[in-house]
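Enquirer: sequence plus predicted model, see below.
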Amino acid sequence: MNNTTDPTITPTLDNKWVRYSWATYHLLVLFSSLIGDSLVLYASSCRKALKVHPIIVTVIQHIAVSDLAVVLLRVLPRIISFFANSWILGDVTCSLTAYANPVFFYAGTYFVAVLTTSKLLILKNPIGAVTWSRQRAHHVCSVFWVLSLLYPVFLHTAGSNLAHFDIRIYSCRYVTERWDTASLVLTYVLMVVPAVIIIGTTVPALRYLALARQAARRARGVDPWHGTLTVSLTAIFYLISNFPLFVYYICKHFFSKPDSARLFRIGIYCLSINVVSNFYIYALTIRSFRRYLRSCWYSWLVRLGLRDTSGVLDKRGSAGQVTLRMLTKTTIISLRVQQSDDIVKK
């Protein structure tokens, strides 16, 4: 195993300010994903703050896990390599990241396809979807976790045993002699097929969303938009983030043009858009999650002393003796959120 730079690849980021710019971009991706995906997992598991169908919540949790793994195994080592301008984490880490990164990336791809497919089935069969449990969703996601291992199995089958530090993307990846002939099939199975499924299930869901909004406005009811819009935006941002890399592979396999290091780099780095966007999509489209985030924000402001509480202290002025009337605004907001959620459930 060799973790040195592939000799067939010419370094293209000699300008340190370009490297630092890309490093800053990846730092934003790292912290945004760590904070956002952790909040999604905590809010959905411990606080039940995602008031959508249990199947959708379960798939969202699996997507968050895969995104966290991607930023820890791909984004973080890449940031270190940007500042060092080389790979300094050792041979074992190079081999680990070369194997593990595609596994978690393709798992996240399948989960987005499962998310859009599940939402469409829920819309088509709302009565039957009531009986669908979280356990069933975990079983389905487990199947795709196993299926994502197809990539390292392919590497062994193709006889790849060298992990190189690719200076174009500042990450380790495996290089095999038969990669050019077999990667087209692998790309089709792991990228094109899920993309077709995502498009084929998102378009009918958006059509249903438009029809449901029109019916709700005519009946002066509540727009049932947040669940469908959440899934649709997740799918749209996934397709946007994968489009540059898809164009690169099309150009590489079907056109007799020289390999473009810049296009490949942009395609790989755009994949992080999908990782970053999920948290903001949930916060924008899921009302209960947005309320939970607002209550957390008020709670931190109170703890930092930047916001007054709604209660009063004893006349003696002791900070340790607080009457029962002392309720913070965050407590009131939490109670209101709980009451509204109970009403929705009923």
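Expert: Yep, that arrived. Residues are numbered from 1 along each chain as shown.
Enquirer: isn't residue 171 right next to residue 77, touching?
Expert: Yes - Residue 171 lies in contact with residue 77 (Cβ atoms under 8 Å); the separation is 6.8 Å. All C-beta spots, glycine's among them, are computed from the backbone N, C-alpha and C.
Enquirer: give me the common contacts of the two.
Expert: Overlap between the contact sets of residue 171 and residue 77, as judged by Cβ atoms under 8 Å, 6 or more residues apart in numbering, is given by residue 97.
Enquirer: residue 115 against residue 58, yeah?
Expert: No - no contact is recorded between residue 115 and residue 58 when judged using Cβ under 8 Å, the distance being 9.8 Å.
Enquirer: residue 163 - nearest residue in space that isn't next to it in sequence?
Expert: Across the structure, with Cβ to Cβ, 6 or more residues apart in numbering as the measure, the residue nearest residue 163 apart from its sequence neighbours is residue 98 (4.3 Å).
Enquirer: what comes up buried for the helix or strand harbouring that neighbour?
Expert: Using DSSP states H and E, residue 98 sits in helix 91-124. Neighbour counts using 16 or more other Cβ atoms under 10 Å place 93-120, 122-123 of helix 91-124 among the buried residues.
Enquirer: packing partners of that helix?
Expert: Using 3 or more Cβ pairs under 8 Å, 6 or more residues apart in numbering; DSSP states H and E as the contact criterion, the secondary-structure elements in contact with helix 91-124 are helix 54-70, helix 134-147, helix 150-157, strand 163-166, strand 171-174, helix 193-219, helix 226-254, helix 261-285.
Enquirer: need the ones you listed in a markdown table (columns: mean pLDDT, mean neighbour count and distance to residue 20).
Expert: Listed next are the helices and strands packed on helix 91-124 as a markdown table, based on pLDDT from 0 to 100; neighbours: other Cβ atoms under 10 Å; distance: least, Cβ to Cβ, whole Å:
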| stretch | mean pLDDT | mean neighbour count | distance to residue 20 |
| --- | --- | --- | --- |
| helix 54-70 | 95 | 23 | 22 |
| helix 134-147 | 93 | 15 | 36 |
| helix 150-157 | 73 | 16 | 31 |
| strand 163-166 | 84 | 23 | 19 |
| strand 171-174 | 84 | 22 | 17 |
| helix 193-219 | 84 | 15 | 33 |
| helix 226-254 | 85 | 19 | 22 |
| helix 261-285 | 90 | 19 | 14 |
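Enquirer: residue 84: which of those is closest?
Expert: For residue 84, the closest of the helices and strands packed on helix 91-124 is strand 163-166, at 10.7 Å, according to Cβ to Cβ.
Enquirer: alpha carbons only: can I get whichever strand or helix holds residue 296 in CSV?
Expert: With elements taken from DSSP H and E, the one containing residue 296 is helix 287-303. Taking only C-alpha atoms (Å, rounded to 0.1, in the frame of the first residue of the first chain), the coordinates of helix 287-303 have been written out as CSV:
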residue,chain,number,x,y,z
ARG,A,287,-42.4,23.3,11.8
SER,A,288,-41.9,21.2,14.9
PHE,A,289,-38.1,21.0,14.3
ARG,A,290,-38.0,24.8,13.8
ARG,A,291,-39.8,25.3,17.1
TYR,A,292,-37.4,23.0,18.9
LEU,A,293,-34.4,24.9,17.5
ARG,A,294,-36.0,28.2,18.6
SER,A,295,-36.5,26.9,22.1
CYS,A,296,-32.9,25.7,22.3
TRP,A,297,-31.7,29.2,21.1
TYR,A,298,-33.7,30.9,23.8
SER,A,299,-32.4,28.5,26.4
TRP,A,300,-28.8,29.3,25.5
LEU,A,301,-29.5,33.0,25.6
VAL,A,302,-31.0,32.6,29.1
ARG,A,303,-28.0,30.6,30.3
